[in-house]
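[1] show me the folded form of this:
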Amino acid sequence: MVIAMTAALSAYHDEAAFSPEEVEVEVDHIILILDKSVQMLPWESMPCLRGHSVSRLPSLAALRNRIVQMQQTSIQPSRPGHYITRKSGGYILNPDSDLKNTQKIFENDLKALPGQWTGIINRSPTEEEFKEILVKSDVLLYFGHGSGSHYIPARTIRKLDRCAVACLMGCSSGSLKDAGEFEPYGMPINYLLAGCPTVLANLWDVTDKDIDRFTKEVFDKWGLLRNELEEKRGGNKQRNSLVEAVAAARNKCVMKYLNGAAPVVYGIPAYFG
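    Next up, the predicted model:
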């Protein structure tokens, strides 16, 4: 299996090197359906995939559900993906009151977001507050430790009828726990089971300064922090999906292959409509 995989990767490298322009045009987005024994590896940061729009899902059934869901939100004739508004969301910033630098970097930008945003800053959210953001908003931004599972139980998330696009920027927020013969489990799976179209999370522990730098770049390229004047000037400019923004922001980290390789996206491309 290793020999076959090595041969396939070598063939792809040779083909991409021979006609890079054609590969760039033909391959718009790649979705990885990873086996339980390899899902913990940062495939998105391999040389042949780094810089490209790549996300992951646990199964073809999960992909089918998101394609059906995507067809209900897509704006024709736009690029295929899940579309949300930047005027409806919620953020949980420094809930444990020990990430002062992170709060300083993002607080003013988040408070300036247009529309109806629910902001929880420098205090712990209640389970009901966390749940309300996921159910009633289009996007959740979480800047705290872990995945926020100590604020909202996994069983509560799994039972949701609707779930916002989630950016969980804590350490190991996207890691899945091995379950032997059974499939791995973790917070990203809970979000996907609740119908979440897209989850941005970290495969392992990261340093706060590097991941803050990365997150700031992601939000800029995604268009979240764009002001009204830039919106008018941007006009017909092609929007970046969350997955594309993540791919472009990896090199912003000082430790590009440690902190820069940790963030991965579960789900399909998410755009601001």
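[2] who does the helix or strand harbouring Arg64 touch, helix- and strand-wise?
    Assigning secondary structure by DSSP states H and E places Arg64 in helix 60-73. Judged by 3 or more CB pairs under 8 Å, 6 or more residues apart in numbering; DSSP states H and E, helix 60-73 is in contact with strand 30-33, strand 82-84. For every residue, glycine as well, the C-beta is placed using N, CA and C.
[3] deepest-packed of these, please.
    Ranked by average neighbour count under the criterion mean count of other CB atoms under 10 Å, the helices and strands packed on helix 60-73 are headed by strand 82-84 at a mean of 22.
[4] in its sheet, which strands sit next to that one, and in what direction?
    Paired strands of strand 82-84, with direction, are strand 270-272 (parallel) (DSSP bridges).
[5] outside of the partner strand, which residues touch it?
    Strand 270-272 is contacted from outside by 78-79, 81-86, 165, 197-198, 222-224, 239-243, using CB atoms under 8 Å, 6 or more residues apart in numbering.
[6] could you flag which of those are buried?
    79, 81-84, 86, 165, 197-198, 222-224, 239-243 (16 or more other CB atoms under 10 Å).
[7] taking these one by one, which sit in strands?
    The strands, defined by DSSP state E, take in 82-84, 165, 198 from those.
[8] what about the stretch 101-250 of the chain, any weak spots by pLDDT?
    227-238 (pLDDT under 70).
[9] could you pull out the strands for it?
    All strands of the stretch 101-250 of the chain, identified by DSSP state E, counting those that start in this stretch, fall at 116-121, 139-143, 165-168, 177-179, 182-185, 198-202.
[10] on contacts alone, who are the packing partners of the second one?
    Looking back up the chat, that one is strand 139-143. strand 88-93, helix 100-111, strand 165-168.
[11] with distance to Arg123 added, can I get these in a markdown table?
    Formatted as a markdown table, the helices and strands packed on strand 139-143 follow (distance: least, CB to CB, whole Å):
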| stretch | distance to Arg123 |
| --- | --- |
| strand 88-93 | 9 |
| helix 100-111 | 11 |
| strand 165-168 | 18 |
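[12] which residues does Leu203 contact?
    40, 42, 172, 174-175, 261-264.
[13] circling back: want to throw the strands of the stretch 101-250 of the chain into a markdown table with distance to Asn94?
    Formatted as a markdown table, those follow (distance: least, CB to CB, whole Å):
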| stretch | distance to Asn94 |
| --- | --- |
| strand 116-121 | 7 |
| strand 139-143 | 6 |
| strand 165-168 | 14 |
| strand 177-179 | 26 |
| strand 182-185 | 28 |
| strand 198-202 | 17 |
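[14] quick one: closest of those strands to Asp98.
    Nearest to Asp98 among those is strand 139-143; the distance by CB to CB comes to 11.6 Å.
[15] neighbouring strands for that closest one, and are they parallel or not?
    Strand 139-143 is paired, per DSSP bridges, with strand 88-93 (parallel), strand 165-168 (parallel).
[16] in the stretch 101-250 of the chain, which spans are helices?
    127-136, 154-158, 187-193, 208-222, 228-234, 242-249 (DSSP state H, counting those that start in this stretch).
[17] Ser55 falls within a strand, correct?
    Yes: looking at Ser55 with DSSP: H, G, I helix; E, B strand; the rest coil, it is inside a strand.
[18] so it versus Lys104, what's the distance?
    Applying CB to CB, to the nearest Å, the value for Ser55 to Lys104 is 31 Å.
[19] what's the answer for Gly195, then?
    34 Å.
[20] assess the claim that Pro80 and Gln69 are in contact.
    No: using CB atoms under 8 Å, Pro80 is not in contact with Gln69; the gap is 11.8 Å.
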